[in-house]
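In: Predicted model and sequence below, questions to follow.
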Amino acid sequence: MITARLACAVSGLSFIAACEGTQNVLAPASPDARLIASLSWWMFALAVLILIVTLGLLLVAVALRRNGEARAISRRRATILVVLGGVVAPICAIVAVTVSGAAIGDETEGGRRIDGATVRVAGERWWWEFSYLAADGEVLAVTANELHLPVGRRSRILLESDNVIHSFWAPNLQGKTDLIPGATNMLFAEPEVSGEWRGQCAEFCGLQHGLMGFLVIGEPPEDFAGWLAAQAEPAAVTSHPGLGVFLSLGCGECHTIRGSTADGEIGPDLTHLASRRTLAAATLPNTRGHLAGWITSTQEIKPGALMPEIVPDPADLQHLLDFLEALE
């Protein structure tokens, strides 16, 4: 059992490493991220400029003291060197970065028409809940750890937390924005191409902060509309033997499966679990083996997670897995 748990954990870490290639601020997939990437390069160039100036001043100092003898320099030249290298250059760099950052901040505030989705993001311990809202604020669908957005459309994302401060960061699409208890922050996302990108909580929030990830999936508007319609439906399977196992183990006290009596609000909504690509906040791929490992070895995979380990007998475990895999 220990070997199986270790293999599951190692596989999960490998999965995270594989996803890291799609979490890159220098590979922008939206107009906002492109502005941020441009600012990053300008900051790097300015840092190189300051380094060159500093090294130049150092070389001047070395040149003025050859063979152990200090060469005299006029007060005027000394003043010019100090003012240019120690005052003018740093001030120019600071002003340039500040002005650029302010300009980009204005751009990312969403001055363009909002024609995509409106998503309420709740930062939990330690996972993400995504609620898709209609124009009147009605909840259309709820999912977890997987954010779908229409390509070429600008979506509004509302950020909330009822526990601690989290930070929502999908670097390929947008900058970091905090989720602060008692407040609702907002950002905008506009993927330009279809693809998958990894996001992460960027504010230390507790034991499993490092494994509080999520996926962002950009897809054509028609595909997004079909996905959202499917997510809005109740579970297709509500008479499966595994549902009885699910309820008897107390899983329904924490998780919701729409269309059944499971209506818990502590853990992720599992109504369409099988349609998701990952488990445990983008920690594991969503396969039968990893699902079994997550259920029975939760604390080995994510120590401190609020989900307790459950070890049903083998027959019940197989029924439970069959049921969860049918929740598409």
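Out: Cool, got the structure.

In: any idea which helix is longest in the chain?
Out: In the chain, assigned by DSSP state H, the helix with the most residues is helix 31-63.

In: Okay, buried residues for it please.
Out: 31-33, 35-37, 39, 46, 53, 57 (16 or more other CB atoms under 10 Å). Where you see a C-beta, it was placed from the backbone N, CA and C, and this is true even at glycine.

In: And for stretch 209-227?
Out: 209, 211-219, 224, 227.

In: can you check stretch 299-310 too?
Out: Buried-residue list, stretch 299-310, by 16+ other CB under 10 Å: 300-302, 305-307, 310.

In: which residue packs closest to Ile73, ignoring adjacent ones?
Out: Spatial nearest neighbour of Ile73, chain neighbours left out: Leu64 (6.0 Å); criterion: CB to CB, 6 or more residues apart in numbering.

In: If you could redo that for Val142, that was the one I meant.
Out: Asp269 (4.6 Å).

In: so the one you found makes contact with Asn145?
Out: No: counting by CB atoms under 8 Å, Asp269 sits too far from Asn145 to count as a contact (10.5 Å).

In: any chance of the buried residues of helix 31-63 in a markdown table, with pLDDT and distance to Pro314 too?
Out: Shown next, in a markdown table, are the buried residues of helix 31-63 (pLDDT from 0 to 100; distance: CB to CB, whole Å):
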| residue | pLDDT | distance to Pro314 |
| --- | --- | --- |
| Pro31 | 91 | 52 |
| Asp32 | 89 | 50 |
| Ala33 | 92 | 47 |
| Leu35 | 88 | 54 |
| Ile36 | 88 | 50 |
| Ala37 | 90 | 51 |
| Leu39 | 85 | 55 |
| Leu46 | 81 | 62 |
| Val53 | 80 | 69 |
| Leu57 | 77 | 73 |
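
In: of those, closest to Leu140?
Out: Asp32 (24.6 Å; CB to CB).

In: Settle this for me: the closest one is touching Asn172, isn't it.
Out: No: in this structure Asp32 lies outside contact range of Asn172 using CB under 8 Å: 10.2 Å.

In: Assign Ala183 to helix, strand or coil.
Out: coil (DSSP: H, G, I helix; E, B strand; the rest coil).

In: number of nearby residues for it?
Out: 11 (other CB atoms under 10 Å).

In: measure it to Ser161 for me?
Out: Plainly put, Ala183 is 9 Å away from Ser161 if you go by CB to CB, to the nearest Å.

In: and what of Ile180?
Out: From Ile180 to Ser161 the distance is 6 Å (CB to CB).

In: Name the residue in these two with the higher neighbour count.
Out: Between Ile180 and Ser161, Ser161 has the larger neighbour count (other CB under 10 Å), namely 24 against 17.

In: How confident is the prediction for the more buried one, by pLDDT?
Out: For Ser161, the pLDDT comes out at 97.

In: Could you do Glu196 as well?
Out: Reported pLDDT for Glu196: 96.

In: I'd guess it is in a strand, am I close?
Out: Yes: assessed with three-state DSSP, Glu196 lies in a strand.

In: So for it, what's the nearest residue that isn't a sequence neighbour?
Out: Using CB to CB, 6+ apart, the closest residue to Glu196 is Ile217 (5.3 Å).

In: bridging residues for the one you found?
Out: In this structure, Ile217 bridges to His148, Glu196 when assessed by DSSP bridges.

In: Helix or strand: which one has Ile157?
Out: According to DSSP states H and E, Ile157 maps onto strand 155-161.
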